[in-house]
Each structure stands twice: as structure tokens, then as C-alpha cells.
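1. okay, predicted coordinates and the sequence, questions at the end:
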Amino acid sequence: MRWIFFHRILQFNKPAKTSRDTLFTRDSWILQLVDSDGIVLGEGEVAPLWGLSKETKEEVMSELYRIIKIENSIEVSSTVSSVQCAIDAAIAGFHSKQIDFPFILKNELSAISINGLIWMNDIEEMRTEARRKFDEGSRCIKLKIGALNFAEELNLIQEIRSWGNEDELTIRVDANGAFREEEALEKLKQLSEFSLHSIEQPIKAGQLETMFRLCAESPVPIAFDEELIGSNPEDFESFLHFGKPSYLVVKPSLHGGYTAAENWKAWADKHGIGFWMTSSLESNVGLNHLANWVCKMKLEGVQGLGTGSLFSNNSEAKWKVEGELLIPIES
């Protein structure tokens, strides 16, 4: 028994824009545990996002080469988040003897409610995409904001809100840390006019006291996302007297793997904080494992897993999007 890996460069069907960058390709490694005949016993995807993940490409490669030197053992762990995420999935698959469905059997899967993600683009493109998602059945629209003219972004959100009240249409926004500290509260007050479900990461991560105070003052519920990168629940305990986030948005690839995700979920439950899972531009290998874990954990609410059609050279899909649902594909 040994570990192997192979590298893929995933090609986006169209550029993926955020408030930080525009992505045309992304790195992905598949880490596998195989027997002496090369039969795969478990696998996971290593899918860091450069510039957002804490690790560097050199650190990822160093860890992968370290791991493939380990023979006849599944007692493997890593301090590199994306690598640990792949290890967790591969070991779970080894124990369950289900490579594709490592956390819960396929016949126990259920449909998952997902948001319709609107990528950063020019306002007209975002408006068109949001309307298409809505017409296709999405009743939770998530917008990337913070890189364009804020007044135009507010007008777009106002238009989307006109399609339904908050009981008929949920609107989430993600600022990816784009707001300056001194302007954040005023912008949040303006956003509050549109009955938003939440805003992810309004200011840059790492300003913990400021962020926890903002959670207490904001008229829009705040969700932590980038704030979780390189952190653990114990890091936040001493700041809870300032305020607390309304939600955690967990990405196992960025936030320490699946075991770490379970720890974040336990911490959120302890403090009455909401929780949902979001993919981080994985291929269908990683996306399938994420959806599988969501079903295992019986997560409620709307998840952020509708990213399976982003790549022109993706692996075989195990799930499909139908309106507001991610549904396992019958084989």
C-alpha cells in the first residue's frame, strides 16, 4: 500500500472574477492511496487557491512528495490545509471502501439546496446571469460585490430584490474583504435596505477585534469565510465578548480539511452560530466529496456547491444542478 498523486491544470470555461483576481486556470492534484497492484483504495483532491490559501505551491509540492515516501500506512497527516483535506477524504474512502462516496453511501445521499452564484463581472453581465439563475429556479442568489462602483452594485441588488421578498428570494453577498474598515459600517447600513440574508467577509481577514465588533454593530448578518483560513476555533474565543458572526462559511480545502470542518461545526453549534459549506473551485472529484460530507452531516439550509460546470476539462460529474438543488446522478 502506498500513496501517489497526479497533477491537473483545470481550464475555466470563462474567466472567474473575484474582487481580488481573475482566474483562467487553477491547479489541482489528486492524491490516491493504492495497493500493490495499483488499485485505488481512496482518493482526495488537493485544491489550494493561490493568493487565498495560506499555503504556497512549494509547500504543497513538498508535502505531496513527503507523503508518497510513506509506505504501508494510512497514519498520515499534514499541516497544509488543502493536502489535509485530500488525506481526510482518501482515508475515509479507504475505511468505507467507497472511493467516490467516502463519507456516506450513495444510496443514502439526498438532494442539497444550493445558492445560484453570480461571479464578479460588469453590472450588465451580472444582471443577466442573476436573472438566468432566477428563471432556472434558484431562490437563493449569491453575488460577489466590492470590486465595482458601489452605487451600481446597490442598484443591481435592489433590482434582484424586486423579483421577490425575503421569504420568496434569499440574497447573499460576498465582499471578499473588499470594504475598508472606516467605510464598512456605512456600506452595511446601505445594504441592509434590501433584506439580505448575510454578507461574507466585509473587511480583510486578520482584524479580529474590528471584525467581531462589526458583527455586533452591523445591520446585515456577517458570515466569516477568509477569517477561518489558518485559524481554529480557539483563536476566536477571546473575541466573543465583542460580538459574534451570524454564520461560518466553511471550505475544507482552505479551512483545514474535513475533520477541521467538523470542529468548526461543533464550535458554531456551541455558540449558536449558523453554518454552511461552500466549495472552493474544486474539480468534480472534490465537489463530490464536499456534497457527500454535507449529506453525512445532515447540514440544513442552502449550501454553496453549484460550481461543477466551471471547467472545460473537468472529471466525471457525480451530481447535477436542477434549479435550486444539487442532485446525485443515477448510475
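-> Received, thanks.

2. please make it C-alpha for all contacts and neighbour counts, starting now.
-> OK.

3. on the pLDDT front, check Q32 for me.
-> If you check Q32, the pLDDT there is 97.

4. pretty sure it belongs to a strand, no?
-> Yes: assessed with DSSP: H, G, I helix; E, B strand; the rest coil, Q32 lies in a strand.

5. which strand or helix spans the closest residue to it other than its chain neighbours?
-> Setting aside the residues directly before and after it, Q32 is nearest to E43 in space (CA to CA, 6 or more residues apart in numbering), at 4.2 Å. Element membership for E43, per DSSP states H and E: strand 40-46.

6. can you give me the neighbour number for the nearest residue to I104 once chain neighbours are set aside?
-> Nearest non-adjacent residue to I104, counting by CA to CA, 6+ apart: K296, 5.6 Å away. Other residues lying near K296 total 16 when counted by other CA atoms under 10 Å.

7. now swap in N115 and tell me
-> 27.

8. isn't it right up against L143?
-> No: assessed by CA atoms under 8 Å, N115 is found out of contact with L143, at 9.8 Å.

9. okay, the residue nearest to the spatial centre of the chain: pLDDT?
-> Closest residue to the average C-alpha location of the chain: T278 at 2.7 Å, with CA atoms, centre = their mean. We note a pLDDT of 95 for T278 in this prediction.

10. please apply the same query to N72.
-> pLDDT, N72: 87.

11. thinking it is in contact with L33, fair?
-> No: look at N72 against L33 with CA under 8 Å: they stay out of range, at 9.7 Å.

12. which ones are touching L105?
-> Q98 (CA atoms under 8 Å, 6 or more residues apart in numbering).

13. let's go with 10 Å and repeat that
-> Residues in contact with L105 (CA atoms under 10 Å, 6 or more residues apart in numbering) are S96, K97, Q98, N292, C295, K296.

14. equivalent analysis for E237, please.
-> If you count contacts by CA under 10 Å, 6+ apart, then E237 has K244, W267 around it.

15. list phi and psi for it.
-> Here is the backbone geometry of E237 (degrees, to the nearest 10): phi -60, psi -40.

16. just give the number of residues close to H255.
-> 28.

17. how much space between it and R131?
-> H255 sits 32 Å away from R131, going by CA to CA, to the nearest Å.

18. which other residues reach the host helix or strand of A266?
-> Assigned by DSSP H and E, A266 falls within helix 258-270. Helix 258-270 is contacted from outside by 81, 84-89, 92, 228, 232-234, 237, 245-256, 272-277, 289-290, 293, 297, 299, using CA under 10 Å, 6+ apart.

19. how's this structure carved up into domains?
-> 2-99, 107-328 (automatic domain parsing).

20. thinking again about what came up before, so N72 and L33 - more neighbours on which side?
-> L33 (27 against 12).

21. so that one makes contact with I39?
-> Yes: L33 lies in contact with I39 (CA atoms under 10 Å); the separation is 8.5 Å.
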